[in-house]
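Peer 1: Return a 3D structure for these sequence lines:
(one chain, ligands or ions: 1)
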Amino acid sequence: ENGLNGWLRYAPLPDELRQHASSLPSRAVIVALNETETSPVYVAGKELQAGLKGVLGYTLSLSHNLNLSASTNSSAIILVGTLAAYNLSVKHNVSTLAADGFWLNVKGGQVTILGQNERGALYGAFEYLSMIAQGDFSDVDLVSSPSAPIRWVNEWDNLDGTIERGYAGASIFFRNGAVVEDLTRAAQYARLLASIRINGIVLNNVNANATLLTAENMDGLGRIADAMRPYGVQVGISLNFASPQTLGGLATFDPLDPSVVGWWTDKTAQLYQRIPDFAGYLVKANSEGQPGPLTYNRTLADGANLFARAVLPHGGVVMFRAFVYNNHLDPSDWKADRANAAVDFFQHLDGHFLDNVVVQIKYGPIDFQVREPPSPLFAHLPHTNAAIELQISQEYLGQQSHLVYLAPLWKSILDFDLCVDGQPSLVRSILSGARFGRKLSGYAGVVNVGTNPNWLGSHMAMSNLFAFGHLAWDPTQNPQTLLETWTRLTFSLSPTVLSTVTSISMASWPAYENYTGNLGMQTLTDILYTHFGPNPASHDNNGWGQWTRADSTFIGMDRTVSNGTGFAGQYPPDIAAQFEAPATTPDELLLWFHHVPYTHRLRGDGKTVIQHLYDAHYAGAQTAQGFLAAWAALRDDDGGAAGAGAIDAERFDDVLFQLTYQAGHALVWRDAIAGFYHNLSWIADEHGRVGYHPHRIEAENMVLRGYVAVGVTPAVTASNGT
Ligand code: BDP
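Peer 2: This next block holds a predicted model:
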């Protein structure tokens with residue numbers, strides 16, 4: 001098993017569970033208007049056939065478009081279709097289904113799967129298959145609608161086939177400046193996405209290349225759309241704001257210039273000619289060197305609305321990123337703070353965006369760190385559509401070489417109450433559109449899958465993609481429950497495997513936070529290049545860094561209104577007041593908001609900041625040693641995997657390799673961070689551990705045979721630069 005099928009393996013159930021097969025219908029009937037071989041409802045039928053064959057070993061026959069309705073149907077079948085085609089009036093709560101929603105009813109031998117649209121029918125079929133694959137043959141009556149209409153993934157693929165912040169090989173979409181010929185993987189990816197109810201994909205890097213809009217490449221995009229359409233996944237692209245000039249040869253890319261407007265209108269029409277259901281555009285403007293409307297003294301809303309007008313007649317959407325900041329801020333300026341940027345740039349634009357624009361906001365004010373408070377911008381756009389940007393690709397979080405289950409991190413943001421106007425304002429109810437009465441809103445996840453057969457470069461990391469889709473559908477879901485479902489579908493129904501994967505995954509985010517950067521210091525990776533491995537020294541002297549303002553006696557960013565950067569004041573008053581004082585700031589965000597002495601005592605455990613930092617790094621690294629031991633214990637005495645084939649040898653070994661690496665790298669992290677702050681503060685560790693490495697063997701002290709030393713960039717990530 002190489003992981004290609006992810007959680008859609010349809011592995012045979014154990015014999016005792018397969019007996020249930022006899023009570024299931026042997027016939028499925030597809031009821032849909034205008035069904036073709038590329039429609040999601042047709043795919044739903046095929047998927048049911050494949051799934052039941054794999055899980056239960058029996059062959060389901062399929063019939064199509066029979067003149068069937070609630071009143072004429074009496075035989076035991078699996079019915080898959082759309083509400084409109086089935087003309088269902090019997091079930092009143094089904095009529096409340098939102099677009100993409102479904103009704104799944106299992107009653108004895110009768111299975112009914114009806115979607116609000118074809119996509120919903122496919123989602124319902126996947127839900128039914130998920131139950132069966134977990135050995136669940138119970139009756140259910142489930143009416144399920146999405147929390148939000150936008151449930152998209154973003155891929156940061158470049159046309160040359162590389163992927164920005166991708167850790168699983170080359171692009172499955174592009175190579176040598178063009179769309180690849182063989183789109184098998186694109187279709188397989190669409191299948192995985194549909195099974196977690198993702199309905200859109202942006203195919204290319206937010207740092208976009210204008211040549212994606214040549215006629216040949218637009219044809220290629222059309223082929224990708226064709227490959228993904230059967231699964232209900234609509235494609236969109238990232239734009240380069242300067243394209244009218246760099247590709248079109250115009251003298252300007254000013255968003256209010258008529259020639260620029262005309263250029264985008266034409267290009268958009270050409271795209272829709274090839275892809276009638278094109279999802280829309282994603283735009284990164286005036287950020288990290290990208291061009292944008294500010295170049296011409298136009299507002300960011302002017303920039304977004306330019307594209308919104310172009311896609312509006314075609315039904316498209318513009319996702320406009322709020323990740324706009326100045327990476328040339330001066331770290332010695334006590335009032336400067338990158339965290340302030342999103343609110344500073346967007347707050348006054350609320351209400352200026354057209355209705356088909358969605359402002360896409362990273363979950364925290366900085367950049368995908370291990371611990372951030374929610375972006376305060378979520379509280380400031382009551383008259384604007386908003387989406388949250390999460391990152392499945394573990395850019396700062398171990399790059400898939402570390403197991404870090406991210407759903408608990410995301411939940412800490414989604415469940416946060418921003419108390420806008422003193423009213424309950426959970427981030428997730430802003431994202432569902434409920435809090436501010438918005439129709440268009442939702443979720444974007446940066447995934448960056450690659451040609452590696454297991455998609456993300458790590459079997460374990462796939463739980464993050466699974467959880468992302470399910471949380472976008474229903475953010476009230478419990479991360480552990482999602483993880484357990486994923487584990488059963490991905491590995492095995494064995495209780496030992498389930499408890500092992502659950503316990504190590506649930507401990508993984510706290511552990512990574514502990515051994516990288518705790519108390520709100522953020523992830524102290526190398527910041528200028530790799531974003532991997534410890535390099536706390538790289539942060540405080542440049543505009544890209546996450547400043548810690550650490551010196552020999554103090555540590556932490558003062559973001560208070562009274563003394564600091566004022567960031568705390570960007571939250572609504574109740575929350576702002578809480579973050580303004582160390583005494584009311586949660587320990588895990590203390591150093592995010594406050595500049596305190598190393599000897600400051602924490603609210604929770606009463607330890608000093610520095611002792612807590614030492615202890616947390618040792619505890620986190622220790623936990624990571626435990627991951628390896630727990631996984632290794634799944635090995636049978638005879639060297640095979642536990643529980644009679646509970647996990648195949650291939651994936652068992654892959655995960656063992658990854659966890660071995662993580663166990664070692666966690667020690668590197670521990671020693672680097674604890675040692676760094678020990679050297680700065682000269683405060684001894686109460687337990688005498690920091691700075692003392694009796695068992696460490698320096699690379700320089702080893703004899704190299706068969707190796708040559710080479711310089712490493714950046715030098716600080718290696719031992720003495722090599
Ligand atoms: C940062 C990444 C960079 C992205 C940028 C973005 O390091 O590669 O281009 O975010 O989201 O985290 O635009």
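Peer 1: Start from the N-terminal end of the stretch 1-150 of the chain and give the helices.
Peer 2: Using DSSP state H, counting those that start in this stretch, the helices found in the stretch 1-150 of the chain span residues 15-18, 40-56, 83-86, 118-133.
Peer 1: Going by neighbour count, list what's buried in the longest helix along the chain.
Peer 2: Longest helix in the chain, counting residues (DSSP state H): helix 649-681. Within helix 649-681, the residues that count as buried by 16 or more other C-beta atoms under 10 Å are 651-652, 654-655, 658-659, 662-663, 665-667, 669-678, 680-681. C-beta here means a position set from N, CA and C on the backbone, and glycine is covered the same way.
Peer 1: same for it, what does it pack against?
Peer 2: Here helix 649-681 touches helix 495-515, helix 609-632, going by 3 or more C-beta pairs under 8 Å, 6 or more residues apart in numbering; DSSP states H and E.
Peer 1: In the shortest one, which of the residues would be classed as buried?
Peer 2: Buried positions in helix 495-515, judged by neighbour count with 16+ other C-beta under 10 Å: 497-498, 500-502, 504-505, 507-515.
Peer 1: ok so, going back, which one, of the helices of the stretch 1-150 of the chain, ends up nearest to the ligand?
Peer 2: Closest approach to the ligand among the helices of the stretch 1-150 of the chain (C-beta to the nearest ligand atom): helix 118-133, 28.2 Å.
Peer 1: List the buried residues for the closest one?
Peer 2: Of the residues in helix 118-133, those buried (16+ other C-beta under 10 Å) are 118-133.
Peer 1: and these, which two are the farthest apart?
Peer 2: Greatest spatial distance among the buried residues of helix 118-133 (C-beta to C-beta): 118 and 133, at 22.5 Å.
Peer 1: how long is stretch 35-45 end to end?
Peer 2: Using C-alpha to C-alpha, to the nearest Å, the end-to-end distance of stretch 35-45 comes to 11 Å.
Peer 1: State the mean pLDDT of it.
Peer 2: Stretch 35-45 comes out with an average pLDDT of 91.
Peer 1: Show me what that stretch is in contact with.
Peer 2: Stretch 35-45 has contacts (C-beta atoms under 8 Å, 6 or more residues apart in numbering) with 28, 30, 32, 62, 64-65, 80-82, 113, 115, 118-119, 121-122, 124-125, 194, 226, 229-232.
Peer 1: Buried among the residues you listed? Need that as a selection in ChimeraX.
Peer 2: Of the contacts of stretch 35-45, the buried ones go into a single ChimeraX selection, burial set by 16+ other C-beta under 10 Å:
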select :28,30,32,80,81,82,113,115,118,119,121,122,124,125,194,226,229,230,231,232
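Peer 1: is any part of stretch 541-556 close to the ligand?
Peer 2: No - applying C-beta under 6 Å from any ligand atom, one finds stretch 541-556 out of contact with the ligand, separated by at least 8.6 Å.
Peer 1: Next: stretch 158-173.
Peer 2: Yes - judged by C-beta under 6 Å from any ligand atom, stretch 158-173 and the ligand are in contact via 164-165.
Peer 1: and that stretch, which residues are buried?
Peer 2: 158-159, 161-173.
Peer 1: roughly how far is that stretch from the heart of the chain?
Peer 2: 17 Å (C-alpha atoms, centre = their mean, to the nearest Å).
Peer 1: ok, residue 54 touching residue 13?
Peer 2: No - the criterion here is C-beta atoms under 8 Å, and residue 54 misses it with residue 13 at 9.4 Å.
Peer 1: bridging residues for the closest residue to residue 131 other than its chain neighbours?
Peer 2: The shortest distance from residue 131 to any non-neighbouring residue, by C-beta to C-beta, 6 or more residues apart in numbering, is to residue 140 (7.2 Å). Legend: beta-bridge partners of residue 140 under DSSP bridges are residue 106.
Peer 1: Was I right to think residue 140 contacts residue 103?
Peer 2: No - the criterion here is C-beta under 8 Å, and residue 140 misses it with residue 103 at 10.3 Å.
Peer 1: Show me which of these two is the more surrounded one.
Peer 2: Shown here are residue 140 and residue 103; by other C-beta atoms under 10 Å, residue 103 has more neighbours (24 against 13).
Peer 1: so who does the residue of the stretch 451-600 of the chain found nearest the ligand touch?
Peer 2: Going by C-beta to the nearest ligand atom, the ligand is nearest to residue 531 of the stretch 451-600 of the chain, at 6.1 Å. By C-beta under 8 Å, 6+ apart, the residues touching residue 531 are 165, 395-396, 399, 525.
Peer 1: In three-state terms, label it for me.
Peer 2: Classification of residue 531 by DSSP: H, G, I helix; E, B strand; the rest coil places it in coil.
Peer 1: What distance do you get for it to residue 239?
Peer 2: 25 Å (C-beta to C-beta, to the nearest Å).
Peer 1: And residue 633, by the same measure?
Peer 2: From residue 633 to residue 239 the distance is 50 Å (C-beta to C-beta).
Peer 1: ditto for residue 7
Peer 2: Taken as C-beta to C-beta, the span from residue 7 to residue 239 is 33 Å.
Peer 1: Then residue 428?
Peer 2: For residue 428, the distance to residue 239 - C-beta to C-beta - is 29 Å.
Peer 1: and if you look at residue 366?
Peer 2: 25 Å.
Peer 1: could the helices of the stretch 1-150 of the chain go into a markdown table alongside distance to residue 282?
Peer 2: As requested, the helices of the stretch 1-150 of the chain are arranged in a markdown table below (distance: least, C-beta to C-beta, whole Å):
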| stretch | distance to residue 282 |
| --- | --- |
| helix 15-18 | 44 |
| helix 40-56 | 23 |
| helix 83-86 | 31 |
| helix 118-133 | 21 |
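Peer 1: mean pLDDT for those: which is lowest?
Peer 2: Least confident of the helices of the stretch 1-150 of the chain, judged by mean pLDDT, is helix 83-86 with a mean of 82.
Peer 1: what residue ranges in the stretch 51-200 of the chain are flagged as low confidence?
Peer 2: By pLDDT under 70, the weakly predicted segments of the stretch 51-200 of the chain are 65-75, 87-93.
Peer 1: which residues of it fall in strands?
Peer 2: Remark: strands assigned in the stretch 51-200 of the chain by DSSP state E, counting those that start in this stretch are 61-64, 78-82, 102-107, 110-115, 140-144, 150-157, 174-175, 178-179, 200-204.
Peer 1: residues of stretch 368-385 that come out buried?
Peer 2: In stretch 368-385, counting by 16+ other C-beta under 10 Å, buried: 368-382, 384-385.
Peer 1: Please narrow the residues you listed to those residing in strands.
Peer 2: Counting by DSSP state E, these place residue 385 in strands.
Peer 1: restrict the buried residues of stretch 368-385 to contacts with the ligand.
Peer 2: Among the buried residues of stretch 368-385, the ligand is touched by residue 368 when using C-beta under 6 Å from any ligand atom.
Peer 1: who's in contact with residue 436?
Peer 2: 381-383, 430.
Peer 1: Apply 10 Å and report the result again.
Peer 2: By C-beta atoms under 10 Å, 6 or more residues apart in numbering, the contact set of residue 436 is 350, 378-379, 381-386, 420, 425, 429-430.
Peer 1: now swap in residue 311 and tell me
Peer 2: Residue 311 makes contact with 236, 264-265, 268-269, 271-272, 278-281, 317-318, 354, 356-357 under the criterion C-beta under 10 Å, 6+ apart.
Peer 1: Could you measure from the closest residue to the ligand within the stretch 351-500 of the chain over to residue 110?
Peer 2: The ligand sits closest to residue 367 of the stretch 351-500 of the chain, with a gap of 4.5 Å, by C-beta to the nearest ligand atom. Residue 367 sits 51 Å away from residue 110, going by C-beta to C-beta.
Peer 1: Between the two, which has more neighbouring residues?
Peer 2: Ranked by neighbour count (other C-beta under 10 Å), residue 367 and residue 110 place residue 367 first, with 21 against 17.
Peer 1: still on that earlier bit, can you read off the pLDDT for the residue of the stretch 351-500 of the chain closest to the ligand?
Peer 2: At residue 367, the predicted lDDT confidence score is 94.
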